[in-house]
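Q: kindly generate the corresponding structure for this input.
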Amino acid sequence: MSEKKEYRRLTRLRWRGGKSLDGFFSYAGLWLGSDHLLSIRSNRFSEEYKRFYFRDIQTIAVVKTTRREIWNVALLILLLIAGAFSFSRPAGSGVFAAFFGLLILMNNLLGPSCTVYLRTAVQMEELRSLKRLRRARRMLARIRPLIAATQGELAPEEASLRIRELYESSGAGRRTRFATSPLNLSVH
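A: Below you'll find the model as predicted:
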């Protein structure tokens, strides 16, 4: 008998970063199930699993960030420092300049950075494994038909009206920093 795979990987385990040591040493991944998304967070000692059923997903918002530009500035400063040292001590210090130049090139080839939020009726969760806009768009293109098949399609006008009513009634519009529309890629 052949076993059917229950999950398909959408993103590999990626360093998820964070402001604390827990975030610094943890990884996140995203998997596609038959009727849900599975988010995995791991910090080498424990794993946390969250399921987001297609029927419960209200919004997936992609917000562009300046993370790529910040890394470019930091790496450029390190490149300039390494380049200055390579002129004063030519033995091997050009390797560091080439290394930082390669990191700047890789950072720009990966494309713009973003943060992805998934909203259900009870929570708003950041999907930490999606940090680049190109990857987020590919993931949305893959799961949007599955969500639409589960929930049905709304006309864009009706969807924006429902979201506006939801935000106004809950007061959440004042607390959020971005505007969203259901199941549409909204980049701000």
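Q: and Q58, how far is that from F99?
A: For Q58, the distance to F99 (C-beta to C-beta, to the nearest Å) stands at 44 Å. Where you see a C-beta, it was placed from the backbone N, CA and C, and this is true even at glycine.
Q: ditto for R119
A: Separation of R119 from F99 (C-beta to C-beta): 40 Å.
Q: tell me which of the two has more neighbours.
A: R119 (21 against 13; other C-beta atoms under 10 Å).
Q: could you find the closest non-adjacent residue to the more buried one?
A: Spatially, and ignoring its direct neighbours in sequence, R119 is nearest to T59 (4.2 Å; C-beta to C-beta, 6 or more residues apart in numbering).
Q: count the residues that sit near that neighbour.
A: By other C-beta under 10 Å, 18 other residues sit near T59.
Q: which SSE is immediately downstream of the helix ranked longest in the chain?
A: Ranked by number of residues, the top helix in the chain under DSSP state H is helix 67-88. Of the helices and strands lying after helix 67-88 in sequence (DSSP states H and E), the nearest is helix 94-109.
Q: name the residues that touch that following helix?
A: R68, W71, N72, L75, L76, L78, L79, A82, G83, F85, S86 (C-beta atoms under 8 Å, 6 or more residues apart in numbering).
Q: centre-most residue in this structure?
A: Centroid-nearest residue in the chain: L130, 2.4 Å away (criterion: C-alpha atoms, centre = their mean).
Q: how far away is it from L110?
A: L130 sits 12 Å away from L110, taking C-beta to C-beta as the criterion.
Q: ok, now K50?
A: Distance of K50 to L110, given as C-beta to C-beta: 26 Å.
Q: picking up where we left off before, can I get the contacts of helix 94-109 in a markdown table including distance to I147 and pLDDT?
A: Formatted as a markdown table, the contacts of helix 94-109 follow (distance: C-beta to C-beta, whole Å; pLDDT from 0 to 100):
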| residue | distance to I147 | pLDDT |
| --- | --- | --- |
| R68 | 28 | 94 |
| W71 | 32 | 93 |
| N72 | 35 | 95 |
| L75 | 38 | 94 |
| L76 | 40 | 94 |
| L78 | 42 | 91 |
| L79 | 43 | 91 |
| A82 | 47 | 86 |
| G83 | 49 | 84 |
| F85 | 53 | 80 |
| S86 | 52 | 78 |
